[in-house]
Structures are given as C-alpha cells and as structure tokens.
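Engineer: Just a sequence and a predicted model for now, questions to come.
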Protein chains: 2
Amino acid sequence: MRAGLTRDQVVAAAQRTMTERGVAGLSLRAVAAELGVAPNAIYSHVADKDALVDAVLDDVLAAVPEPTARDPRRALKSIMIDTYDVLLARAGLVGTYLARQGSRGPEAQRLGRAMDDCLLRLGVTGSRAAGGRRALIVFTIGYAAFATGWTAEGEQPLSPERVRRDFLAGLDWLITGITAGSSV
Amino acid sequence: MRAGLTRDQVVAAAQRTMTERGVAGLSLRAVAAELGVAPNAIYSHVADKDALVDAVLDDVLAAVPEPTARDPRRALKSIMIDTYDVLLARAGLVGTYLARQGSRGPEAQRLGRAMDDCLLRLGVTGSRAAGGRRALIVFTIGYAAFATGWTAEGEQPLSPERVRRDFLAGLDWLITGITAGSSV
DNA sequence: ACCTGAACACCGTTCAAGT
DNA sequence: ACCTGAACACCGTTCAAGT
C-alpha cells in the first residue's frame, strides 16, 4: 500500500505538532498518526528523529524574507528583527533552536549569506565578520527565548512591546560595536 | 531495604551522566543504576525528571564565585566571565541551559542579585536594569554555546582563545550600552 | 520516610516482507 | 521506492507492598 507521502508533508506535520506541543511533545508516532500512516513510514523520508527536528527548524526560517533596504545597516537590522518575529510566532520552538544552536540547513545558510553581505558593505570582513555574525545570531535567538516567557522569580512580566524595544536597543549596541573602527 | 540515598547524591550522579552523555543520554534508569538502586527510588528525592534536570543545572552555577572586584563594572564582568567559563567546563550542558532559558534555582537567584547590585552601583535601576541583566545572561549563555563547537558550514573553527576574546568584546559593547546615559 | 517489584503506557528504531 | 506488521530494547511514572 502506498500512502503517497511527501517529505514536505512529513516536515509540515512535524512542525504542527511541535509548535502546538513543544519538542518534548513531538514523537514520530504522533506525526505518523496525524498522517494516518504506520510509525516507521517516517523513515522512508527522513533519516531519524534528529534529522526531522532539524528539517522543521530550518523550514521555519524560510518565512524570514530577504532584506529590501538599500542601506546595509538597515538591511542587517531587518534580517535580525524579522528572524526575531518569526521565532516569536513559533514560540514553542525557540528553546530548541537554542539547544541546537540554531540551524545549519539551507535556509539558515541563505540568511547567513545575507548577513555577510551586509557586513561586507559595512566594511566588516574576515574573522570580525564571523564573530559579529555569531554575536548577532546568539543575541537574536536568545532574546526571542526571553520574550517567550522568561521572567525571573519575583519580577513582573514585561510587555512584548517592551521586550521588543529592549531587543532593538541591544541590537543597535551590538551592530555599533561590530562596525566600530571599520573603514565605511 | 534502605540505601541511605541523599538528594545531593542523586543530583551529583545525574550531573555526572549528563556531563558525559549530554541531556539526551540522561535517563532516570541510568542514574539509578549508577547509584545501585531501583529506577523508581529516584522519586523519593525528586519530583520528576524535569525537576532533576533543573536541580543539576542550578547546582552547576554554584561553582561561579562571588565577585571580588570593588569596581562594579569589573565585578559585573567577572560574574559573566566566570559563568561563561563554568559553562564551558560542562560543555554538554550548555544547550540545555539555553533550551530551559537558564536556571531559576537558588544559585541562579544568587547570581542575579549580585548582577543587580553591580548595575545599581553603576546607576542602572528599574526596568533598564532588568533588561540589561536579561541581555547579559542571554549573551553569556549563548556565547558559551557557540564556544562549544558551533561553527557554520564551510567556516574554519576558531580557537577557544579567539572565541573568548570575541565574547569579551561583545560583553564590553553590551555593558557600555546598558550603562550609557546613567548618572554614575 | 525510603525503597523494591511489578506493571502501564509509551518511546525510537530495525527488519523482513509486501506492492 | 515506499509502506506495513511485528518486534526489540528502551523510556518515565505509578502503585501497592515492605521496612
């Protein structure tokens, strides 16, 4: 019997259950059940559970648009801000991005290239560009995690707008630091 | 039969297996086996697996010393740098800190109070202090994650010394930004 | 209060077999 | 190439029972 399953369908179903129930709630058997298929049918489209989770995470990043601003500093900021917003829309997944230290799939590489292009036009190259990109990604994903409900004991929860403003401020500090002393 | 088990012993055994085999490798049954005890004996000292993981993470932070510098800016930096180093020494755990967005146990609260004290002496109070503390923690844990082997595709791995220098630079950018415009 | 034995309801993954 | 049925070796957790 052939169910006509696609890898995309598997990833999409996994993303749905992951967004709803978190990573802990994701099981291959649950995904298979949602697709009306035997548990091990998943293995025809994906190597193992880890690969499926990676595919889901990278797929989410496809929603981050290419920057349109001509000014490289604004373009760089828009990449980070759009990533922040996309991650917030999938709050249940943010922790997993952090645990897996981001994604290294094709979508993540696409965004990495866009960031490098902005940094290059800002006069930042070589190891400084690599370090700067790292800092920006860490900061963006980390802040998205904060925004999804991380409040310390006895501390009143901040509004999403407030956290977003703090994120924007920190982003400016970082970009300023990264580009300080560069030629352009 | 009484095995004379202590909660501390359970947490210590869990920390050992977690450090060696990562979070995925941690199972209550493995911890119990290492202690020579029945699997469900763990439940006499810990509510469930999540509570055990939280206890392990918080326990690691006990190794971060109280800052000794009198200058609050230097004291703040030393807290973050010591945290970074402690996390690096337990590389297998860093991802879990990120996924759980840090720790909220007594040790984490101790460090949070020390950070607030430094920020207060730097003239940073209220929501700016809360936002600044958040940014510093996110950045520190995130960078520790980077240092434990996060290198992008086709990018040559950086030396630990190099990553640490980048971390220190980013830390300075953040602290400068947080304290900019404050009264002291 | 602390621990065991036994069981329940799950997992991810493999393997042979079918089409 | 894609999918199923059945099985293997695990899980976390609960419950009654023992001391």
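Structural biologist: Looks like it arrived, so ask away. Source: prediction; values computed, not measured.
Engineer: Which SSE is immediately downstream of the helix or strand of chain A with the lowest mean pLDDT?
Structural biologist: The weakest-scoring helix or strand in chain A, judged by mean pLDDT, DSSP states H and E, is helix A:91-99 (a mean of 82). The C-terminal neighbour of helix A:91-99 among helices and strands, as given by DSSP states H and E, is helix A:106-121.
Engineer: Take that following helix, keep the C-alpha atoms, and write them as CSV.
Structural biologist: In CSV, the C-alpha atoms belonging to helix A:106-121 read as follows (Å, rounded to 0.1, in the frame of the first residue of the first chain):
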residue,chain,number,x,y,z
PRO,A,106,19.8,25.7,3.5
GLU,A,107,17.5,28.4,4.9
ALA,A,108,19.9,29.2,7.7
GLN,A,109,22.8,29.4,5.2
ARG,A,110,20.7,31.7,3.0
LEU,A,111,20.3,34.1,5.9
GLY,A,112,24.0,33.8,6.9
ARG,A,113,25.0,34.9,3.4
ALA,A,114,22.6,37.9,3.5
MET,A,115,24.2,38.9,6.8
ASP,A,116,27.7,38.6,5.5
ASP,A,117,26.7,40.7,2.5
CYS,A,118,25.5,43.5,4.8
LEU,A,119,28.6,43.3,7.0
LEU,A,120,30.8,43.4,3.9
ARG,A,121,29.2,46.5,2.7
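Engineer: Show me what from chain A comes close to DNA strand C.
Structural biologist: By C-beta under 7 Å from any atom of the strand, the residues of chain A that approach DNA strand C are A:1, A:26-30, A:39-40, A:43, A:48-50. In short, each C-beta sits where N, CA and C put it, glycine included.
Engineer: quick one: contacts of stretch A:16-32?
Structural biologist: Applying C-beta atoms under 8 Å, 6 or more residues apart in numbering or on different chains, the set of residues contacting stretch A:16-32 from outside is A:10, A:13-14, A:34, A:38-42, A:49, A:52-53, A:56, A:90, A:92-93, A:95-96, B:99.
Engineer: show me what contacts A:Leu61?
Structural biologist: Taking C-beta under 8 Å, 6+ apart, we find A:Leu61 in contact with A:83, A:86, A:103, A:105, A:107-108, A:110-111.
Engineer: Would you write a ChimeraX line that selects the buried entries of the residues you listed?
Structural biologist: This is how ChimeraX selects the buried members of these, with burial counted by 16 or more other C-beta atoms under 10 Å in any protein chain shown:
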select /A:83,86,103,105,107,108,111
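Engineer: follow-up on the earlier one: by neighbour count, which of the residues of chain A next to DNA strand C wins?
Structural biologist: Within these, most neighbours by other C-beta atoms under 10 Å in any protein chain shown means A:Leu26, with 22 neighbours.
Engineer: Quick check: which element contains that one?
Structural biologist: Per DSSP H and E: A:Leu26 is located in neither a helix nor a strand.
Engineer: Now the buried members of the contacts of stretch A:16-32.
Structural biologist: Taking 16+ other C-beta under 10 Å as the criterion, what is buried in the contacts of stretch A:16-32 is A:10, A:13-14, A:41-42, A:52-53, A:56, A:90, A:92-93, A:95-96, B:99.
Engineer: Tell me where chain A has strands.
Structural biologist: With DSSP state E, there are no strands along chain A.
Engineer: Show me the contact partners of the least confident helix or strand of chain A.
Structural biologist: Surrounding helix A:91-99, the residues in contact under the criterion C-beta under 8 Å, 6+ apart are A:18-23, A:53, A:56-57, A:60, A:87-88, A:103, A:141-142, A:144-145, A:148-149, B:23, B:95-96, B:98-101, B:142, B:145.
Engineer: ok, back up a step: now, which of the residues of chain A next to DNA strand C lie within helices?
Structural biologist: Among these, the members falling in helices (DSSP state H) are A:28-30, A:49-50.
Engineer: now the residues you listed in TSV, with pLDDT?
Structural biologist: Formatted as TSV, these follow (pLDDT from 0 to 100):
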residue	pLDDT
A:Leu28	98
A:Arg29	97
A:Ala30	96
A:Lys49	97
A:Asp50	94
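Engineer: now, among the residues you listed, which is nearest to chain B?
Structural biologist: Minimum separation from chain B among those (C-beta to the nearest C-beta) is found for A:Asp50, which lies at 9.1 Å.
Engineer: didn't A:Ser78 look like it was pressed against A:Arg70?
Structural biologist: No. Assessed by C-beta atoms under 8 Å, A:Ser78 is found out of contact with A:Arg70, at 11.4 Å.
Engineer: Just want to know which of the two has more residues nearby.
Structural biologist: Counting neighbours by other C-beta under 10 Å for A:Ser78 and for A:Arg70 shows that A:Ser78 has the greater number, 19 against 8.
Engineer: Once you drop chain neighbours, what's closest to that one?
Structural biologist: The shortest distance from A:Ser78 to any residue other than its chain neighbours is 4.7 Å, reached at A:Pro67 (C-beta to C-beta, 6 or more residues apart in numbering or on different chains).
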